[in-house]
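# no sequence on hand, only this structure:
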């Protein structure tokens, strides 16, 4: 792991101190009772948590790797079944074993164990206070409501701590990080419904808890397979875009450069949520895919285009949107691809949109695309200098381009040269396990 931001280290220290104080205080104020059924249940749940961590789903991010497992269900189940203190201790122990097994770095082990342990303790404590006595989560309406609230508290603590710790690594605000990873349906429906089954089953027969392992893993493996398909689809589409550009030496690596320029613009727009930024970057990477349907005679012509050839070229945004819109993974970016040649004054194509009716991603890509086109050699002219291209952007701000986007790009270009800026494909990764899905 490369350098970790100071804030991340400070927040990690605070998390460890808080978790330790909470658990030690609880341990001093109560005695863990010996109960054979609960001991067996604790061992089984601990073993299941260790095993499910081997079935993570990785969600790559430009700056870190975020992994999700079904451990949240088992962690909350520990708290509901064993109580706040015992449940948290089982979760922490299992997470430590799992992370050492996976050979994670010390800071990763510390964050995972302390975060999940604290979330389990908080969720189970809320349940005990609201359930109205030692009742099963499904005994009464009060206990069912308490389970839902406990699940919400567990998730809020878990995702909130992760957002706070990871945000300095990503360079985004904790609130945006939290919004991107909070799933209301899962929090208020799936998590409490599944976690509440464990206390019921363990009361009858602790060993029967193992039966839950099969459906949890089967469902999780199906989700992981879906994620792999999404990653492979993205790689295929980007490979197709690259192959298309290699047909013409003048446009080789064009989409990669445009994506880099888009990233620079987005760095000057921190108010844009991380999830939205990633969507825009994904669209930039394949924004010209529709040129696969453009005739070579128009695409590679060295001189001025005829009216018919111009109309042929102007079809590519709509063709690209139609292609990517057929795939579930890319539906969210189809509208951005379709409108990346619209103009701020409404004189663009294919639909003549104007101003803020043009999607934000399309407006950003339009600026980056135009800048790369101007600073690249083309059959009909040589490349402009960066200064001349910037002057063109400024001159056309408010007519062809969104002036706010041009200003953001201008600020970005006034920093270090593009070539010297760190790429988001660097190895600056921090693997944090969020047992939240």
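Cool, got the structure. From a predicted model like this one, the values you see are computed outputs, not experimental measurements.
# any idea of the mean pLDDT for stretch 387-401?
The predicted model gives stretch 387-401 an average pLDDT of 92.
# which outside residues touch that stretch?
Contact partners of stretch 387-401, identified using CB atoms under 8 Å, 6 or more residues apart in numbering, comprise 343-345, 348, 363, 366-367, 370-371, 374-375, 384, 403, 406-407, 409-410, 413. Backbone N, C-alpha and C define where each C-beta goes, glycine included.
# PyMOL command to pick out the buried ones of the residues you listed?
The PyMOL command for the buried members of those (criterion: 16 or more other CB atoms under 10 Å) is given here:
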select buried, resi 343+344+348+363+366+367+370+371+374+375+384+406+409+410+413
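# so of the contacts of stretch 387-401, which ones are in helices?
Counted as lying in helices by DSSP state H, out of the contacts of stretch 387-401, are 363, 366, 367, 370, 371, 374, 403, 406, 407, 409, 410, 413.
# closest to residue 47 out of those residues?
Nearest to residue 47 out of these is residue 363 (CB to CB; 52.6 Å).
# can you give me the angle the host helix or strand of residue 264 makes with helix 403-413?
Using DSSP states H and E, the secondary-structure element containing residue 264 is helix 254-267. Orientation check (axes from the mean of the first three to the mean of the last three CA atoms, to 10 degrees): helix 254-267 against helix 403-413 gives 100 degrees.
# ok so, going back, could I get the ones in helices among the contacts of stretch 387-401 as TSV with distance to residue 316?
Supplementary listing: the ones in helices among the contacts of stretch 387-401 in TSV, determined by distance: CB to CB, whole Å:
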residue	distance to residue 316
363	18
366	14
367	18
370	15
371	19
374	19
403	26
406	24
407	28
409	23
410	28
413	27
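# one step back: show me what counts as buried in the helix holding residue 264.
Within helix 254-267, the residues that count as buried by 16+ other CB under 10 Å are 254, 255, 257, 258, 259, 260, 261, 262, 263, 264, 265, 266.
# what's the following helix or strand after it?
Elements were assigned by DSSP H and E; along the chain past helix 254-267, the next helix or strand is helix 274-285.
# next, the angle from that following helix to helix 254-267.
Going by the same axes, to 10 degrees, helix 274-285 is angled at 150 degrees with respect to helix 254-267.
# so which elements touch helix 274-285?
helix 174-181, helix 213-245, helix 254-267, helix 331-338, helix 360-374 (3 or more CB pairs under 8 Å, 6 or more residues apart in numbering; DSSP states H and E).
# wait, residue 157 sits on residue 119?
Yes: the pair formed by residue 157 and residue 119 meets the contact definition of CB atoms under 8 Å, at 4.1 Å.
# of these two, who's got more company?
Applying other CB atoms under 10 Å to residue 157 and residue 119 shows that residue 119 carries more neighbours, namely 29 against 19.
# local confidence estimate at that one?
94.
# can you verify it is assigned to a strand?
No: judged by DSSP: H, G, I helix; E, B strand; the rest coil, residue 119 forms no part of a strand; its state is helix.
# can you get me a residue count around residue 116?
Other residues close to residue 116 by other CB under 10 Å number 31.
# distance check, it against residue 314.
When distance is defined by CB to CB, to the nearest Å, residue 116 is 53 Å away from residue 314.
# coming back round to it: and the helix holding residue 264, what does it pack against?
Going by 3+ CB pairs under 8 Å, 6+ apart, helix 254-267 lies up against helix 213-245, helix 274-285, helix 360-374, helix 403-413.
# buried ones in stretch 105-112?
107, 108, 109, 110, 111, 112.
# separation between the fifth one and residue 192?
With distances defined as CB to CB, the gap from residue 111 to residue 192 amounts to 25 Å.
# residue 150 now?
Computed as CB to CB, the residue 150 to residue 192 distance reads 7 Å.
# cool, residue 125 as well?
Here residue 125 is placed at a distance of 16 Å from residue 192 (CB to CB).
# and those two? which has more neighbours close in?
Looking at residue 125 and residue 192 with other CB under 10 Å, you find the greater number of neighbours at residue 192, namely 27 against 20.
# could you break this protein into its assigned domains?
The chain breaks down into these structural domains: 6-221, 246-420 (assignment by automatic domain parsing).
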